[in-house]
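Trainee: When you get a sec, could you give me coordinates for this:
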Amino acid sequence: MGEARGPPWRWCWGRQGPGRRPKPRFIWFEIGGATFIPIDSSGKPIQKEPVYIMPDELEALRLVYLEGLTQEEAARRMNVSRGTLWRMLDSARKKLVQALVEMRPIVIPSIQSREK
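Mentor: Predicted coordinates:
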């Protein structure tokens, strides 16, 4: 994965409809997008409905489990509350476990390159 450099990305859900728009989350590395496809014992890809790990969920996982930050530090870095960070971690962990147990592909969407 890419290293954290320069100013962060601002990423936010494109929510429509009533209610407050979600607060933008800061993502500190470039996500190029990837798909991880499980294969069976004969080496053929397993075709099932994919599980999507969103950019904010991946960043939460990276900061807490790879960088070793506390949830409070990671939340501050992403510009969200600690409760929001916890929900992102919980959602991402459930998706990863579901993909592993059910042998489903994992899709990580890319973030468009920012203009410099």
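Trainee: what's the neighbour count on the closest residue to Ile31 other than its chain neighbours?
Mentor: In this structure, Ile31 finds its nearest non-sequential neighbour in Ile111, 4.8 Å apart by CB to CB, 6 or more residues apart in numbering. For the C-beta atoms, the positions are set from N, CA and C on the backbone; glycine is no exception. Ile111: 18 surrounding residues under other CB atoms under 10 Å.
Trainee: Hmm, Ile111 is touching Glu30, no?
Mentor: Yes: between Ile111 and Glu30 there is a contact under CB atoms under 8 Å: 6.8 Å.
Trainee: returning to that earlier point: the residue nearest to Ile31 sits in which helix or strand?
Mentor: Ile111 is part of no helix or strand, with elements assigned from DSSP states H and E.
Trainee: Could you report the separation of it from Arg93?
Mentor: Distance, Ile111 to Arg93, using CB to CB, to the nearest Å: 21 Å.
Trainee: okay, which residue of the protein is out on the far edge from center?
Mentor: Distance from the C-alpha centroid of the chain peaks at Ser42, with 30.4 Å (CA atoms, centre = their mean).
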